[in-house]
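Chemist: Requesting a structural model of the entry that follows:
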Amino acid sequence: MRDGITLAIIGAGSSYTPELIQGVIERSPHALPVAAIQLIDRDARRLDIMAGLTERMAAAAGVPVRVLRETAPDALSAQTDFIVTQIRVGGMAARHLDETIPLKYGIIGQETTGPGGLCKALRTIPAMLEIARAVEQRCPHAFILNYTNPSGVITEAVRKYSGARIIGLCAGIPSLQAELAAALAETYPDLRTYCVGLNHLGFVHRFRSGGREVTADAIARFFERELDEGQQLQARIARLVGAVPIGYLNYYVYRKLSVEKALAAPRTRAQTVETVEAEILAEAAKPDTVGKPAALAARGGGGYADITFAVLRAILHDTGAELAANVPSAGSVDGIEDDAVAEVVCRVDRTGATPLPVGPIPLAFRGLVQAVKAYETLTVEAAVHRSARLARQALLNHPLVGDLDIIEPLLEEMLAAHGLDFTA
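Modeler: Presented below is the predicted three-dimensional model:
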């Protein structure tokens, strides 16, 4: 290894960047020997703000790291070791359309699944493939750690249509695993948990302690405590299917409630985030700001740095750590094609992330996962081939849509709103 690694962040103007920088600062140079950070973003204003903040944060912490700023992936070089991707094609204006147009048809608008997730993927996959090809040409040894949503779909596209090494990451399942471990520590101090599903459609379905299965008892104990409204909804699902779901499952099993809440909300999530991001950027731009902006607490996405650096460290030090990630099934999940991406616990070492064997998806939610997986794979193909027909097929398979009389006008309106010119 050289004197230290070079970490690139593409989409560095994102409000999440300070959390990554704080993660670098908080970790020892031995565990995470970052010598240079390449900040890359097409938005020069946001890039300059985040680069300035990064320089001040590093200086204040006494961390000797070079900060480089560029506006295109061409900045990647043979020295680049890891690339975090967190791009948002179309910005919050596009997200607002993804959230509002489906509601006109009685369908939840959400940026990572359904019609909203489809359109986000359609406009994002070409940009991510451009980045992947730059990685292939300039630093083929490097790993892409992808957070660009919809993460599983994007990761599948890059794996299928480029030679870049990519691992899809999300803080959702790791955060849930940490919450379960903390809540059950007194009864099961050595608890190990395993997940199966897709990004934002994941289930912690196996609990082991002392070398034995403790799933049913662990789930019962976890929900014995006093629960808030969201946890009560989660508990109903868990008791029914015998696994603890990530919160995004509410869109699928509380459909009417989800749509009603979205229609009643005074602002979309996109509008809320836009306001929060403006506050983050304003604070980050101040010369006396030398730490993570306080406004970032309202952005969401906690645990982002933890899973990023857990994976990076496992690769760098060849530890074989067991971590949840989005990777091709490769035979690990029955009923999911080998080259289709699933979210499972993987062994992470210098070769990357290898999925641990799962076997069959529990029957209680197998059909749901397989239907959404069909939607995801069809979405990849629709984006690559610029095919409206494949996009319609994707929505036909999605459990939240599935009605051709809705799919055709809905998709036509969304493609037009985003300026996406797809063939029939």
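Chemist: What is the subsequent helix or strand relative to the helix or strand harbouring Leu368?
Modeler: Assigned by DSSP states H and E, Leu368 belongs to helix 363-385. Counting by DSSP H and E, the element after helix 363-385 in chain order, helix or strand, is helix 388-397.
Chemist: Just read off the phi/psi values of Gly197.
Modeler: Main-chain torsions, Gly197, degrees, to the nearest 10: phi 140, psi -150.
Chemist: what comes up buried for the helix holding Leu368?
Modeler: Residues 365, 368-384 are the ones in helix 363-385 that count as buried (16 or more other CB atoms under 10 Å). For glycine as for every other residue, the C-beta is placed from the backbone atoms N, C-alpha and C.
Chemist: Kindly format the C-alpha coordinates of that helix as CSV.
Modeler: Extracted C-alpha coordinates of helix 363-385, given in CSV (Å, rounded to 0.1, in the frame of the first residue of the first chain):
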residue,chain,number,x,y,z
LEU,A,363,-42.7,-18.0,2.0
ALA,A,364,-44.5,-15.3,4.0
PHE,A,365,-42.8,-12.6,1.9
ARG,A,366,-41.2,-14.5,-1.0
GLY,A,367,-43.8,-13.4,-3.6
LEU,A,368,-43.5,-9.7,-2.7
VAL,A,369,-39.7,-9.8,-3.0
GLN,A,370,-39.7,-11.7,-6.2
ALA,A,371,-42.3,-9.4,-7.8
VAL,A,372,-40.2,-6.3,-6.9
LYS,A,373,-37.1,-8.0,-8.1
ALA,A,374,-38.7,-8.5,-11.5
TYR,A,375,-39.6,-4.8,-11.5
GLU,A,376,-36.0,-3.9,-10.6
THR,A,377,-34.4,-6.0,-13.3
LEU,A,378,-36.9,-4.7,-15.9
THR,A,379,-36.1,-1.2,-14.8
VAL,A,380,-32.4,-1.8,-15.5
GLU,A,381,-33.2,-3.1,-19.0
ALA,A,382,-35.6,-0.2,-19.7
ALA,A,383,-32.9,2.4,-18.8
VAL,A,384,-30.1,0.7,-20.8
HIS,A,385,-32.3,0.2,-23.9
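Chemist: Specify the angle between that helix and helix 388-397 in degrees.
Modeler: Interaxial angle of helix 363-385 relative to helix 388-397 (axes from the mean of the first three to the mean of the last three CA atoms, to 10 degrees): 170 degrees.
Chemist: Centre of the chain to helix 363-385, how far?
Modeler: Centroid separation between helix 363-385 and its chain, computed with CA atoms, centre = their mean, to the nearest Å, is 17 Å.
Chemist: who does that helix touch, helix- and strand-wise?
Modeler: Secondary-structure packing of helix 363-385 (3 or more CB pairs under 8 Å, 6 or more residues apart in numbering; DSSP states H and E): helix 114-138, helix 151-161, strand 192-198, strand 201-209, helix 229-241, helix 388-397.
Chemist: Can you tell me which of the ones you listed is nearest to Pro357?
Modeler: Comparing these against Pro357 with CB to CB, the closest turns out to be strand 192-198 (10.1 Å).
Chemist: what does that closest one contact?
Modeler: With contacts defined as CB atoms under 8 Å, 6 or more residues apart in numbering, strand 192-198 is touched by 152, 173, 177, 180-181, 202-209, 246, 322, 324, 326, 333, 341-345, 356, 358, 361-362, 365, 369, 372-373, 376.
Chemist: what comes up buried for it?
Modeler: In strand 192-198, counting by 16+ other CB under 10 Å, buried: 193-198.
Chemist: and if you look at stretch 317-325?
Modeler: Neighbour counts using 16+ other CB under 10 Å place 321, 323-325 of stretch 317-325 among the buried residues.
Chemist: Inside strands: which ones of those residues?
Modeler: Of the positions in these, 321, 323-325 sit in strands, assigned by DSSP state E.
Chemist: so which of these comes closest to Ala238?
Modeler: Nearest to Ala238 out of those is Ala324 (CB to CB; 17.6 Å).
Chemist: Next up, the contacts around that closest one.
Modeler: 173-174, 177, 195, 202, 307, 343-346.
Chemist: Please repeat the previous calculation with a cut-off of 6 Å.
Modeler: Residues near Ala324 by CB atoms under 6 Å, 6 or more residues apart in numbering: 173-174, 195, 345.
Chemist: Excluding residues flanking it in the chain, which one is nearest it?
Modeler: Using CB to CB, 6 or more residues apart in numbering and skipping the chain neighbours, the partner closest in space to Ala324 is Ile173 (4.3 Å).
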